[in-house]
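A.B. asks: When you get a sec, could you give me coordinates for this:
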Amino acid sequence: MLKINSNGSFSVIHAHYSPIKTIDFSKDGKIILTGSDDKTLKLFRIDNKTLINTLTSHFNKINCARFSLDSSQIVSGGEDKTVKIWDVSSKKLLYTFVDSKGAINDINFHPEGSCIAAGSSNKKIYIWDNRDKTPIQIYNAHNNSVTGVSFHKAGNYFVSSSFDSTLKIWDLRNGKTLYSLYAHEVILVIN
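C.D. replies: Below you'll find the predicted structure:
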């Protein structure tokens, strides 16, 4: 983990014991979230360069983690094929979704926080309602592992990427593909 000193220089803080796969800033930019192959999520304060907390519940490598838009929740997913919702203030696990039959490669909150999208290694995209914790839609999305998911800021659309070298735009309201873009190389991550 990068430690930025007051004079603009930097040093490295040892954050995890295995590779870090995902990072995100809180909305106010004061906290960094990391997720690692060591099966932990960590929260660091930037101003005093300290570890706030370590979140543990995944039983395999963590591939992705994001703050909600208001930074009140964290969503995480990984090789254990689960999606977990965490409360930032209490640092407690709120819910675990276990519907996925493949590793979770990327995850994102809807701009309103009402639902969560997860891209899986089983070629599917899962949409869960974050209020009542129920599955809303499961998309048979791609011909290979889904590598990225991201909502449009208006909330009606989302985009997905895959190892099949496609980028797809989806209408969340009716669950249909609006169009597909075919890339020349594999798309690993979209944000």
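A.B. asks: so how far is residue 46 from residue 122?
C.D. replies: 36 Å (C-beta to C-beta, to the nearest Å). Every C-beta, even on glycine, is put in place using the N, C-alpha and C of the backbone.
A.B. asks: same deal with residue 127?
C.D. replies: 32 Å.
A.B. asks: got it, and residue 22?
C.D. replies: 17 Å.
A.B. asks: So for those two, which residue has more residues nearby?
C.D. replies: Looking at residue 22 and residue 46 with other C-beta atoms under 10 Å, you find the greater number of neighbours at residue 22, namely 20 against 16.
A.B. asks: host element of the more buried one?
C.D. replies: Assigned by DSSP states H and E, residue 22 belongs to strand 20-25.
A.B. asks: Kindly format the C-alpha coordinates of that strand as CSV.
C.D. replies: C-alpha atoms of strand 20-25 as CSV (Å, rounded to 0.1, in the frame of the first residue of the first chain):
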residue,chain,number,x,y,z
ILE,A,20,-4.0,-7.2,-3.7
LYS,A,21,-6.6,-7.7,-6.4
THR,A,22,-8.9,-4.7,-5.8
ILE,A,23,-8.8,-1.1,-4.5
ASP,A,24,-11.4,1.7,-4.1
PHE,A,25,-11.6,5.1,-2.5
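A.B. asks: Who are the packing partners of it?
C.D. replies: Secondary-structure packing of strand 20-25 (3 or more C-beta pairs under 8 Å, 6 or more residues apart in numbering; DSSP states H and E): strand 31-36, strand 62-67.
A.B. asks: let's see it at 10 Å
C.D. replies: In terms of contacts (3 or more C-beta pairs under 10 Å, 6 or more residues apart in numbering; DSSP states H and E), strand 20-25 is packed against strand 31-36, strand 40-45, strand 62-67, strand 73-78, strand 104-109.
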